[in-house]
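Enquirer: Whatever this is, show me its structure:
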Amino acid sequence: MDKLNRYISFELLFALLFIIAFSLPWLDMGLVKIVGWDIPDIQKKVTKVTNFFSRNKESVYITYVVYLVPLLSIFSAVSWLSLKKKSARVLLMIAGILAFVVSLNLFYKLPKYGSGVYLLCATSILSVVYLIIIFRKKKVKSVIDDNNLFDNPGSENIQSL
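Expert: Below you'll find the predicted structure:
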């Protein structure tokens, strides 16, 4: 992989867009704008208040799973820059699937979603589709290479006995 391809790639773009999506407002109600980084803390505070009045004690820490999306994106970018393409793509695929689930949950639960939720959803869909295409292209290419090896044996493919 040459240096230009290493620093300019869709994998790095998607990882960066996931991080940017967390910095944009997820809840936009006029003067109240809440970014993605604040969602687990606000959920924890709201759950503590509502649990005070009810007997059902839910886990308030489940919303911290949201932080896995930017964390996996950072690990994916670092893996890509250290020339570990396959692991970077797998981490990005996991981040994309998790981000899609999170964005669907946010579309369902938030009253007025902001631009961060839209960017998170769009980036997750695009990254998963892109990675599926890349993984399929690699699989087809390896099958074609294996078939060419048996169909067109050349002097370099024939082993001497």
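
Enquirer: And the strands in this protein?
Expert: Ranges of strands within the chain are 25-29, 32-35, based on DSSP state E.

Enquirer: which one of those strands lies closest to Gly116?
Expert: Of all the strands of the chain, strand 25-29 sits nearest to Gly116, with 4.5 Å by Cβ to Cβ. Every C-beta, even on glycine, is put in place using the N, C-alpha and C of the backbone.

Enquirer: could you show me where the helices are in the chain, in order?
Expert: Counting by DSSP state H, the chain has these helices, from start to end: 3-7, 10-23, 39-53, 68-81, 85-109, 115-151.

Enquirer: want to try TSV for the ones you listed, with mean pLDDT and mean neighbour count as columns?
Expert: Listed next are these as TSV, based on pLDDT from 0 to 100; neighbours: other Cβ atoms under 10 Å:
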stretch	mean pLDDT	mean neighbour count
helix 3-7	61	10
helix 10-23	88	19
helix 39-53	62	13
helix 68-81	90	20
helix 85-109	88	18
helix 115-151	79	15
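
Enquirer: Distance to Met29 for those helices - can I get that in TSV?
Expert: Shown next, in TSV, are the helices of the chain (distance: least, Cβ to Cβ, whole Å):
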stretch	distance to Met29
helix 3-7	39
helix 10-23	18
helix 39-53	13
helix 68-81	23
helix 85-109	14
helix 115-151	13
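
Enquirer: right, so of these, which gets closest to Gly30?
Expert: Set against Gly30 and scored by Cβ to Cβ, the helices of the chain come closest in helix 115-151, at 14.4 Å.

Enquirer: Just name the most buried of the strands of the chain.
Expert: Of these, the one with the most neighbours on average (mean count of other Cβ atoms under 10 Å) is strand 25-29, at a mean of 19.

Enquirer: Against Phe107, how distant is Leu131?
Expert: Distance of Leu131 to Phe107, given as Cβ to Cβ, to the nearest Å: 22 Å.

Enquirer: next one: Phe18
Expert: Phe18 is 17 Å from Phe107, where distance means Cβ to Cβ.

Enquirer: wait, what's in contact with Ala77?
Expert: Glu11, Leu12, Ala15, Leu16, Ala88 (Cβ atoms under 8 Å, 6 or more residues apart in numbering).

Enquirer: Please identify which pair of those residues lies farthest apart.
Expert: The largest separation in the contacts of Ala77, counting by Cβ to Cβ, is between Leu16 and Ala88 at 13.1 Å.
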